[in-house]
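Student: Okay, sequence plus prediction incoming.
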Protein chains: 2
Amino acid sequence: MKPKLNDVADLAGVSPTTVSRVLNNRGYISEETKNRVHDAMQQLNYFPNDVARSLFSKRTNLIGLIIPTTSNPFFGELTFHIENICASSGYKLLICNSLNQLDKEESYVDMLMRNQVDGIIVGTHNRGIVNYDQKNIAVVAIDRFLSDTIPVVGSDNYMGGKMASELLIDKGCKHILHINGPVELETPASLRRKAYEDVMEQHGREAITYEVYDPFHQQNHDEPIGRLLDEHPEVDGLFASNDLVAASFIATAKQRGKRVPEDIRVIGYDGTETTRNLLPELTTIQQPIQEIARSAVELVIKEIEGEFSEVPRETYLPVKLIEAGTV
Amino acid sequence: MKPKLNDVADLAGVSPTTVSRVLNNRGYISEETKNRVHDAMQQLNYFPNDVARSLFSKRTNLIGLIIPTTSNPFFGELTFHIENICASSGYKLLICNSLNQLDKEESYVDMLMRNQVDGIIVGTHNRGIVNYDQKNIAVVAIDRFLSDTIPVVGSDNYMGGKMASELLIDKGCKHILHINGPVELETPASLRRKAYEDVMEQHGREAITYEVYDPFHQQNHDEPIGRLLDEHPEVDGLFASNDLVAASFIATAKQRGKRVPEDIRVIGYDGTETTRNLLPELTTIQQPIQEIARSAVELVIKEIEGEFSEVPRETYLPVKLIEAGTV
DNA sequence: CTGAAAGCGCTTACAG
DNA sequence: CTGAAAGCGCTTACAG
């Protein structure tokens, strides 16, 4: 049987109170008892039961992370950094892959609440919205407006969209296409599209935006992209809302005999380590994933600790253009 | 304040015992009380505190997953599937990115034990080894021998290595190189190398294996690969132990004016969705990630439920050759 | 069919 | 400097 605090107390010949105190380094204890207790703990190979501690303290040091899927390199890397930063602050991560399905997100939130997590970081992009406000829990959203009060963290989407669009213009593209997620979502990421449209207008170009149903749940984009290329044979530039779509586009374009960048120039968005490794020639707008993770974790911890005044409603971190072969 | 079971009991005019019974659907309860209790729960927006339940039941329904990093596409996808399968079996996932560092793995295991997880799935590949046997907890390893008793799940590494090596031979390669992780690890993955060496020997070829220090922790492989190409200008075939290394190799080779596959044919290992999407031309041995995840979860659950006799010591799942442009 | 009591493994006022 | 008691929010024998 697992030794418990009482066993340690018995062995050390002290009260459970005393053991608890040396465990938590609270109150005055003589060096001698302290040593005896430590010896007893060692001897029994004792470690405290955090479930019992949580029940009392009403703190689990657990944070729930809801994302579409860790299979997507952006979210895989985001998850890594979030977990890493949580760990160094004494928090643990409960992971939830919602696949952008509202019902899954809802049942995950229920699960997290029953498990008494201290906070939730939400990075899903559903159509519907879970009402996090009345859950009475610390929440931070990544690139998504959840309510008037829930803080949002993301990359500087407008700047990213602007840099990408202007680069394509500078390179001499005449017919620039944009592929984005569904606009109705009203996410900060739709600013990428807004920037694209603004730049096109400034340069007297027509803005043509295609929407992919769900850019985060990995799926085969080749077919819709093929149709798109057939409908717009004049296209000579593409700004894709993420690198996976950009990669699908490049593959499809090549199949149709188009050369990249000679015939079509392509820019993606995200710039994950994985993309940099597997497709180094892709020009892309790199999100500061680690900084996004850091902000999200810091903000949710501030909320947990009640420091609401120090939590800005919106935090946008700078992006970086990575210019490579596809442009 | 969060409503508790007692509040529900008060409102419904019954004892806490009764509320607990309707919550757990245990014992006989009249329809009428059942309804009154349900009404009270609704009215108060009550949901049970799983921390308290866990303290009593000594079951948390929590599983710990220790992997190098979700940033790596193989582990990102593995994590997704494991979490997914856990969720459908009522388990939750606590995620731990060890970066293959022994000290991190150790402190994660401590953390998981304190949090009373029901089981642990281990997918790290350190040099040192944590003694999981004496932790007295359900453990399953992925592609790693942890002890004589801990079950291992993985792909059929020998078959994968054989298929890759033979394909290169069939394609007419004369000087085939293999890049692998450090052998001392004695992981089942080293069977990929064994198969390569056996095939080379059968065909009277020299086996040349290079070792990359840590193929899982993403890093820049370009420099060592560059040296390797300089030392072996005659190489016309490469079997890489994973797709990321294969991609680095291809990029480096191209920089040196080598054409793939005309001058050098390349085969990777893993075949993740992400690689298929970003680098569809890469020929690779695809691991059955979802099946590995399913086996790992099923086995750890069997251990948790005490059905040790149904847990095989080693489970190797079939791989699939994906032949594409690099070969 | 329902309830009072004890207990899961800890922690913290409160006394001394 | 140390301990007895009560309690965190549940559940389960045991009675009735």
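Tutor: Received the coordinates, thanks. Quick caveat: nothing in here was measured; it's all calculated off a predicted structure. Numbering: from 1, shown residues only, chains lettered A, B, ... in the order given.
Student: quick one, phi/psi of the residue in the stretch 151-300 of chain A positioned nearest to chain B?
Tutor: Distances between the stretch 151-300 of chain A and chain B by CB to the nearest CB are smallest at A:Leu278, namely 4.2 Å. Every C-beta, even on glycine, is put in place using the N, C-alpha and C of the backbone. Dihedral pair for A:Leu278: phi -80, psi -30, per degrees, to the nearest 10.
Student: now the helices for the stretch 101-250 of chain A?
Tutor: Secondary structure of the stretch 101-250 of chain A by DSSP state H, counting those that start in this stretch: the helices cover A:102-114, A:157-170, A:190-202, A:222-231, A:243-255.
Student: Not counting its neighbours along the chain, what's nearest the residue of the stretch 151-300 of chain A closest to chain B?
Tutor: B:Leu278 (4.2 Å; CB to CB, 6 or more residues apart in numbering or on different chains).
Student: wait, isn't that neighbour in contact with A:Leu279?
Tutor: Yes. Counting by CB atoms under 8 Å, A:Leu279 is a contact partner of B:Leu278 at 4.7 Å.
Student: the more surrounded of these two?
Tutor: B:Leu278 (27 against 24; other CB atoms under 10 Å in any protein chain shown).
Student: For the more buried one, list the residues it contacts.
Tutor: Neighbouring residues of B:Leu278 by CB atoms under 8 Å, 6 or more residues apart in numbering or on different chains: A:243-244, A:247, A:274-275, A:278-279.
Student: where's it relative to A:Val245, distance?
Tutor: For B:Leu278, the distance to A:Val245 (CB to CB, to the nearest Å) stands at 11 Å.
Student: Please apply the same query to A:Ala251.
Tutor: In this view, A:Ala251 and A:Val245 are 11 Å apart by CB to CB.
Student: Give me the more crowded residue out of those two.
Tutor: Higher neighbour count among A:Ala251 and A:Val245: A:Val245, with 25 against 18, using other CB under 10 Å.
Student: just the angle between the one helix or strand in chain A whose mean pLDDT sits lowest and helix A:243-255, please?
Tutor: Lowest on mean pLDDT, DSSP states H and E among the helices and strands of chain A sits helix A:222-231, with a mean of 80. Interaxial angle, helix A:222-231 versus helix A:243-255 (axes from the mean of the first three to the mean of the last three CA atoms, to 10 degrees): 60 degrees.
Student: At the contact with chain B, which residues of the stretch 1-150 of chain A appear?
Tutor: Proximity of the stretch 1-150 of chain A to chain B, by CB under 8 Å from any CB of the partner chain, involves residues A:2, A:47-52, A:54-55, A:60, A:69-73, A:75-77, A:79-80, A:83-84, A:87, A:92-97, A:110-111, A:113-116, A:136.
Student: before we move on, the earlier item: export the helices of the stretch 101-250 of chain A to TSV and tack on distance to A:Gln287?
Tutor: Converted to TSV, the helices of the stretch 101-250 of chain A look like this (distance: least, CB to CB, whole Å):
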stretch	distance to A:Gln287
helix A:102-114	22
helix A:157-170	8
helix A:190-202	11
helix A:222-231	22
helix A:243-255	10
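Student: any idea of the pLDDT on whichever residue of the stretch 201-327 of chain A sits closest to DNA strand D?
Tutor: In the stretch 201-327 of chain A, the residue that lies nearest DNA strand D is A:Ile304 (17.1 Å; CB to the nearest atom of the strand). pLDDT, A:Ile304: 95.
Student: if I pick it, what's in contact with it?
Tutor: By CB under 8 Å, 6+ apart, the neighbours of A:Ile304 are A:118-119, A:138.
Student: between the helices of the stretch 101-250 of chain A, which gets the lowest average pLDDT?
Tutor: helix A:222-231 (a mean of 80).
Student: So which elements touch that one?
Tutor: strand A:176-180, helix A:243-255 (3 or more CB pairs under 8 Å, 6 or more residues apart in numbering or on different chains; DSSP states H and E).
Student: Sort out which residues of the last one are buried, please.
Tutor: The reference is to helix A:243-255. A:243-253 (16 or more other CB atoms under 10 Å in any protein chain shown).
Student: A:Ala40 contacts A:Val8, correct?
Tutor: Yes. Shown here, A:Ala40 and A:Val8 form a contact pair, counting by CB under 8 Å, at 4.8 Å.
Student: Give me the common contacts of these two.
Tutor: With CB under 8 Å, 6+ apart as the test, A:Ala40 and A:Val8 both reach A:19, A:46.
Student: Which one of these two is surrounded by more residues?
Tutor: Under the criterion of other CB under 10 Å, the comparison of A:Ala40 against A:Val8 puts A:Val8 first, with 27 against 21.
Student: in a helix, that's where that one is, yeah?
Tutor: Yes. Secondary structure of A:Val8 (DSSP: H, G, I helix; E, B strand; the rest coil): part of a helix.
Student: Could you measure from it over to A:Ser20?
Tutor: 10 Å.
Student: ok so, going back, DNA strand C: which of the helices of the stretch 101-250 of chain A is closest?
Tutor: Nearest of these (CB to the nearest atom of the strand): helix A:102-114, 16.1 Å.
Student: sorry, back to before: adding distance to B:Leu167, write the contacts of B:Leu278 out as JSON lines.
Tutor: Supplementary listing: these in JSON lines, determined by distance: CB to CB, whole Å:
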{"residue": "A:Asp243", "distance to B:Leu167": "29"}
{"residue": "A:Leu244", "distance to B:Leu167": "28"}
{"residue": "A:Ala247", "distance to B:Leu167": "25"}
{"residue": "A:Thr274", "distance to B:Leu167": "25"}
{"residue": "A:Thr275", "distance to B:Leu167": "27"}
{"residue": "A:Leu278", "distance to B:Leu167": "21"}
{"residue": "A:Leu279", "distance to B:Leu167": "24"}
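Student: That concludes my questions; thank you for your assistance.
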